[in-house]
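A.B. asks: one predicted model, sequence on top.
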Amino acid sequence: MSALLYIPFLALIFAIVIASAWLLSRYLFDVYTGKKGRLDKLFDPIDNFIYRIINADPLRQMSGWDYFFSVLVFSAFSAALCFAILLFQGYLPLNPQHFTGLSWSLALNTAISFVTNTNLQHYAGETTLSYLSQAAAIQFLQFSSAAIGLCVAVAVFRGFSGKFKGIGNFYYDYVRTITRVMLPIAAIAAIVLVAAGLPQTFSGYITANTIGGGSQTIAIGPIASLVSIMQLGTNGGGYFGANSASPFQNPSPFTNWFEVYLMVLFVTAMPFLFGRMAQNSREGHMLLIAMYAIYAINMAVAFYNVMQFGPGMEASIGAFSSTFWTVTSTSTMTGSLNASLASFNPLVILAALMGMFVQAAPGGIGVGIVYMLMYAILAVFIVGLMAGRTPEYLGAKILPSDIKRAVIVFVSHPIIILIPLAIAFSTGAAGAIGSGSIPNGFTRVLYEFTSAAANNGSDFLGTAANTAFFNISTGVVMLLGRFIAMAIMLIIAESMLKRPRAAEIGMRTDSLLFAGILVVSIMILVVLAFLPFMVLGPILSLLQGYGAI
Amino acid sequence: MGPYCLYYRDTVQSEKPTGAKRVEGNASGEHRKPQLKPLLVESFARMDPRRLKSNPVMFIVELSFIVVAVMAIDPGLIPVVSSPSQQPFYAYVAIIVLLTVWFSTISDSIAEAQIKATADSLKQIEHEVKARKVGADRKVTMVSSKSLRKGDTVLIQKGDYIPIDCVVMEGVAMVDESLLTGESAPVKKAPTDVLIGGSVLVSDSLVAKISADPGDTFLSKLISMVESTKRPKTPNETSISTLLIGFTAIFTIIIISILWLSVSLSLGVDLSVLMALYVCLLPTTIGALLPAIGISGIRRMSADKIIAKSGKAIETAGDTDVVLLDKTGTITFGSRIATNFIPLGKHTQKELGEASFLSSWYDDTPEGRSIIDLAYRDGYIPSVFCSIDRASAVEFSAVTRVSSVKLENPALFLLPKGGGRKSQRMTRMRKKVQQDIPIQDMNITKGAPDAIAQSAREVPAGFDEKVSMISSMGETAMAVAAGGEIIGLIRLKDQLKPGIKEKIDSVKAMGITPIMITGDQPLTAKSIASEVDIDEFVSKAKPETKIEVVKREQSNGRIVAMVGDGTNDAPALAAADAGLAMGSGTIAAKEAANMVDLESDPSKIIRVIILGKQLLMTRGAVTTFSISNDIAKYFAIVPVMFAALPVLGRINVLGLPPETTVLAALVFNAIIIPALIPLATRGVKLKPQNAMAIFMRNMLTYGVGGIILPFIGIELIGRIIMAL
């Protein structure tokens, strides 16, 4: 089927995405600005009960550090809980298959992976995790990490817009996100998925006697609820090792495209929310256009010679859907897959890598737009000076401290990818798992660290990376990739909060020109930071007349 | 201490003092080419790593040179990533990398030499002269101005340079401050007035007390600020430096990773090629030119005789959203200017002119000064002028709307001792004066025609017609009466300064809002404002109006620039983001402002704004250019750097052999620095346009051009290298 036939279909899908994201942003705006609504009667008692339990004053304005510290402490506690459950699942209930506990390094990697919204999985869920681990440890963190992403984004918006008293209170934002946003929307999505045929049960696996006379264990469980939040919250960590290539996670074309819709829903709503909070919707639109433009560039790279696929493609899903899914999943930092990465053309892998290098096209839930704001600061500053004024973003002058902080965020990404990459090859850790050569092994390891650093979670290596080296190194990379940016962007937001705002008479940031400049600047920055490594990986295998990577 | 000499000695128009040659034109420093030899010496001295440390990018380039130089000397010292057969190539790479460093230090040296030349020419304003020091025994001794100290008393005679900043104690005289202020008309100085070192006394004599030690005067402090090598970075310079450090960090990590990977995966990368890639990728262009751009900004300001107390002040001026313009002095010549004398009845022009001169002597308003100027130009200096210090004056009041001067027992001037042609002329004049005018008490009043007409004994024929004719032309008439008799009218006109309309248009074109401030009535203000296309104005302004407007605009988040000269203006100057004080203004104003214009031209604030914008644009343009260049260098070198992967040759877009590509990229990277020195020191051209239009043009030139140019440049240089 020619890719061109998909264009009207995609236009319809994205029209629905944009429309529902716009509606969602209105709802989110009300949630985060505390606007009174009809649902308050239902939610307020729940929220107040939670505030009492955790002994938080939801109305206290936090400083950037306070907010980040709350995020960090909360994440640390939930990660510790998850680590304990995974380590001791053999002694815990809801374990009909009697799986034993995970090794400490795998448990640590998994806990970090889910608390950072990465969902890198060095295990196959259906043969490793009990129901308790899947539901309590994994699913709880999938809600929680997605909610934290949204909270941080909203706090950053408050600071950037300069229209608020403070950047807000983490506990207020977090509780409202969980009760009013994530739980209801994920529940609706889960119901749709159950209706579309996904299993949702706590009973044990089914053993089927096959026609050939053998017997086969069919893994099931609380799948629909996990899939809904894994896609909505750009988590990506699936129930099965095969992720969405498995028929129980993704049984039909409807579920396939519904899950694509869930992946891009929140990340598309965020720029709209930003525009609302900045009281200039065009500012939000320009960021959205820039995000989608880079997303489209990644797509174009992936589809450049779409028909050359290797073996391993899930036949029921097809080449187009698989490619589209993969680029979407890597561009949104979801990381769920409906086909094996090894079956793709190197250009698809290149597109996936580019999505993860950029991290903001449209990026993960909440954090994608936060990265986009970091790029906006850098782009506004570098080229904005040429308008003959100290560059301004949303009317606030860009100060040396902003540049210092934005540069740290930007530089940290290549650093946490390239240093472990070099270590993996020089110590032979990559060779030990059969990935010690160029271009294919190199691509796999580069992809692994990029995916960890971008908190994406899709990977080539899978269970092969369950070694102490990869468990620990990717663990560290995931933590740095998640929290450096959050901390620094919150501090920038706080410093912008009270900065005087001028009428924009320099370079306008609510113009299409700015969206264009943002796209070009981001592409240049990413090429500058990663070109030689893209050349040694996917580009080299393309030139060598690859088969499959 | 009695009067030393207070007598007016010359009725003829002031002659230029002998011995006081004006130093003009060369203050710009443009005419002096910095000498080549010290420039070379300085540029080599700056390559000392200890001095280069302040420029991290260039410091790293020099370290890369050392690595490649070691390889060139003995490849065996760095095995694995080098090969002995490549020794000549290593030498070429080392030389070009070293040249890159030298090009950077030479651009700094040129900028420093230019600013030194400018500062030197400013210093000439206040050079060493002979001064008449008055000792405790009232004895006058000739000393060097350098030996004068604060508190000393000096006698200054006609033709003398004011040796150093001082305050008048006795006497009244005219002083030519044109060297400092550019204002050609001499200024009247009386006790307690401030004299600025370097100006020239053109009439009479004064006794003054020195107010500052040499080297501590306001001017010398300003000049040393310009010369200072320790210039704190401006906010945008700091931001750019931070950005450059960020890029340097990324490229360092990339280079280390490639080296590491190449060794573990045997990719065959040669260290010299890697170092060449490193040097090419580092933002050497902006790193090399950033200091020169900042220095040139300050130099271009001082060449216009504007002393900026910091680079930050210039930069802030570029950010201006609102500029406050005084109507008086900026848009129009000091409100109304006397254009001619109209004698009435039997009175002559000379009579009217002299009476007007006397009546305006104590009138310090711009009108009063313009009447003196007009009388002075026409040669109407009254012979009783020497007694003016005994005259009693009644200042203009809004109630009576007249001012008056009474002079009892006026004396004629005494003649100077000595002979010569000059004294003969004086003698003749005395005789003439004595014959013509009997010495009598004088009582001159001047003011609004109707007020003068009321108090006058009779109104001469044609008085009312003349007055209404003048006002119908939008001008003002002022009547003069001597001894109760109306002798004529002075015609006053509010004149726009030449070129002010164009300047205001250019300010508006850049999106800056001009606000006119005037003490006039709203209607008058409106007519002037509409004449120069200003939409916003504040009329009936009081001294505190400026600071109110500054505060009001700032509270709306706007950056405010303003000009001021009086002590009244000091608080507003201090509050404004960019404050330009006039060199002729009070010390309080000059200290409060962050820039001082020695030529005292208030409309120069517009020039300052344009300079500030140019400075920001130049920094932005070179930064963008430098970063865009990296794309081409990357695409040139990466395909040829992995010797073990010849298949990458398929993406070698330039099609040059590996070593040629590396050398060509390095050469391009090096020569772009001297090629851009003129741009860095002159600044990016700025047409007054709105910010978006300016931005688009620069974006196309330096952004898009920065991506394309190096592809062409490297290809061309590569072909030349191959031809050699």
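C.D. replies: Structure received.

A.B. asks: which residues of chain A score low on pLDDT?
C.D. replies: Within chain A, the ranges that satisfy pLDDT under 70 run A:1-4, A:305-316, A:504-505, A:546-549.

A.B. asks: let me redo that: the stretch 401-550 of chain B
C.D. replies: For the stretch 401-550 of chain B, counting by pLDDT under 70, the residues that fall below are B:409-440, B:471-475.

A.B. asks: need the residues of it near chain A, please.
C.D. replies: Counting by C-beta under 8 Å from any C-beta of the partner chain, the positions of the stretch 401-550 of chain B adjacent to chain A are B:510-512. Where you see a C-beta, it was placed from the backbone N, CA and C, and this is true even at glycine.

A.B. asks: buried ones only from these, please, as a ChimeraX command.
C.D. replies: Burial among these is assessed by 16 or more other C-beta atoms under 10 Å in any protein chain shown; the matching ChimeraX selection reads:
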select /B:510,511,512
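
A.B. asks: the residues of the stretch 401-550 of chain B next to chain A in helices, which ones?
C.D. replies: Assignment to helices by DSSP state H places none of these there.

A.B. asks: ok, the residues of the stretch 401-550 of chain B next to chain A vs A:Val115, which is closest?
C.D. replies: In terms of C-beta to C-beta, no member of these lies closer to A:Val115 than B:Gly511, at 48.5 Å.

A.B. asks: now residue 96. Nearest residue, chain neighbours left out?
C.D. replies: Assuming you mean chain A. The shortest distance from A:Pro96 to any non-neighbouring residue, by C-beta to C-beta, 6 or more residues apart in numbering or on different chains, is to A:Gly204 (3.7 Å).

A.B. asks: switch to chain B, please.
C.D. replies: Per C-beta to C-beta, 6+ apart, closest to B:Ile96 is B:Leu666, 4.4 Å.

A.B. asks: enumerate the positions of stretch B:325-343 that are buried.
C.D. replies: Those would be B:325-338, B:341-343, for stretch B:325-343 by 16+ other C-beta under 10 Å.

A.B. asks: ok, back up a step: need the residues of the stretch 401-550 of chain B next to chain A in a markdown table (columns: distance to B:Ala581).
C.D. replies: What follows is those, written out as a markdown table (distance: C-beta to C-beta, whole Å):
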| residue | distance to B:Ala581 |
| --- | --- |
| B:Met510 | 23 |
| B:Gly511 | 26 |
| B:Ile512 | 20 |
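
A.B. asks: from the residues of the stretch 401-550 of chain B next to chain A, which is closest to chain A?
C.D. replies: B:Gly511 (4.1 Å; C-beta to the nearest C-beta).

A.B. asks: quick check: buried residues in stretch B:500-517?
C.D. replies: Applying 16+ other C-beta under 10 Å to stretch B:500-517 flags B:500, B:503-504, B:506-508, B:510-517 as buried.

A.B. asks: try stretch A:59-76
C.D. replies: Within stretch A:59-76, judged by 16+ other C-beta under 10 Å, the buried ones are A:61-62, A:64, A:66-68, A:70-72, A:74-75.

A.B. asks: follow-up on the earlier one: right, and the residue nearest to A:Pro96 touches A:Phe99 too?
C.D. replies: No. A:Gly204 lies out of contact with A:Phe99 (C-beta atoms under 8 Å); the separation is 11.9 Å.

A.B. asks: where does the prediction get shaky in chain B?
C.D. replies: In chain B, residues with pLDDT under 70: B:1-34, B:125-127, B:178-185, B:229-230, B:333-335, B:366, B:386-387, B:397-399, B:409-440, B:471-475.

A.B. asks: what's near enough to touch the residue of it found nearest chain A?
C.D. replies: At 2.6 Å from chain A, B:Gly620 is the closest residue in chain B, using C-beta to the nearest C-beta. Counting by C-beta atoms under 8 Å, 6 or more residues apart in numbering or on different chains, B:Gly620 touches A:382-387, B:698, B:702.

A.B. asks: what about whatever residue of the stretch 251-400 of chain A ends up closest to chain B, neighbour count?
C.D. replies: Distances between the stretch 251-400 of chain A and chain B by C-beta to the nearest C-beta are smallest at A:Leu385, namely 2.6 Å. A:Leu385 has 30 neighbouring residues, counting by other C-beta atoms under 10 Å in any protein chain shown.

A.B. asks: report the secondary structure element holding the residue nearest to it when sequence neighbours are not counted.
C.D. replies: Spatially, and ignoring its direct neighbours in sequence, A:Leu385 is nearest to B:Gly620 (2.6 Å; C-beta to C-beta, 6+ apart). Taking DSSP states H and E as the definition, B:Gly620 sits inside helix B:604-641.

A.B. asks: now swap in A:Phe140 and tell me
C.D. replies: Counting by DSSP H and E, A:Phe140 is part of helix A:140-161.

A.B. asks: and after that helix, which helix or strand comes next?
C.D. replies: Helix A:140-161 is succeeded, C-terminally, by helix A:170-176 (DSSP H and E).

A.B. asks: that following helix - contacts with which helices or strands?
C.D. replies: helix A:6-32, helix A:40-54, helix A:64-87, helix A:140-161 (3 or more C-beta pairs under 8 Å, 6 or more residues apart in numbering or on different chains; DSSP states H and E).

A.B. asks: show me which residues of the stretch 251-400 of chain B are close to chain A?
C.D. replies: B:253-254, B:256-258, B:260-261, B:263-265, B:267, B:281, B:315, B:318-319, B:321.

A.B. asks: can you flag the buried ones in the residues you listed?
C.D. replies: Buried among these by 16+ other C-beta under 10 Å: B:253-254, B:257-258, B:260-261, B:264-265, B:267, B:281, B:315, B:318-319, B:321.

A.B. asks: in JSON lines: those residues, plus secondary structure.
C.D. replies: Below are these laid out as JSON lines (DSSP: H, G, I helix; E, B strand; the rest coil):
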{"residue": "B:Ile253", "secondary structure": "helix"}
{"residue": "B:Ile254", "secondary structure": "helix"}
{"residue": "B:Ser257", "secondary structure": "helix"}
{"residue": "B:Ile258", "secondary structure": "helix"}
{"residue": "B:Trp260", "secondary structure": "helix"}
{"residue": "B:Leu261", "secondary structure": "helix"}
{"residue": "B:Ser264", "secondary structure": "helix"}
{"residue": "B:Leu265", "secondary structure": "helix"}
{"residue": "B:Leu267", "secondary structure": "coil"}
{"residue": "B:Leu281", "secondary structure": "helix"}
{"residue": "B:Glu315", "secondary structure": "helix"}
{"residue": "B:Gly318", "secondary structure": "helix"}
{"residue": "B:Asp319", "secondary structure": "coil"}
{"residue": "B:Asp321", "secondary structure": "coil"}
